[in-house]
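Novice: Following is a predicted model, sequence given first.
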Amino acid sequence: MRSDWIRRLLLPRHAARAKELRRASVRVTLTISQYQNVSQEIQEEIKHNRFAKYLIYDRGEHHGHD
């Protein structure tokens, strides 16, 4: 009997948390997808404009150590 009572109390909390986690997961997935799309668009535009060979990529390893 006690276990039924405990389940009734905990189930709504668990369901709400599971729903919140699903929503957060969807938001993260959409954000990553949008980032990938924008990144691909930028890369395509760089190739299209043919100035990629003039770009200098700095990974920040020596940034500010002149």
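Specialist: Yep, that arrived.

Novice: element containing P12?
Specialist: helix 2-49 (DSSP states H and E).

Novice: So what's the model's average confidence on that helix?
Specialist: The average pLDDT for helix 2-49 rounds to 84.

Novice: what's the burial count for E41?
Specialist: Residues lying near E41 (other Cβ atoms under 10 Å) number 10. C-betas here are computed from N, CA, C, even on glycine.

Novice: again with the one 3 residues further on
Specialist: Taking other Cβ under 10 Å as the neighbour definition, E44 ends up with a count of 10.

Novice: again, but for I46
Specialist: Using other Cβ under 10 Å: I46 sits among 14 other residues.

Novice: next one: A15
Specialist: By other Cβ under 10 Å, 10 other residues sit near A15.

Novice: go on, the one 3 residues further on?
Specialist: Residues contacting A18 under the criterion other Cβ under 10 Å number 10.

Novice: Y35 too?
Specialist: Using other Cβ under 10 Å, Y35 is surrounded by 10 other residues.

Novice: separation between it and V28?
Specialist: As for Y35, its distance to V28 is 11 Å (criterion: Cβ to Cβ, to the nearest Å).

Novice: Could you do N49 as well?
Specialist: Counting by Cβ to Cβ, the gap from N49 to V28 is 32 Å.
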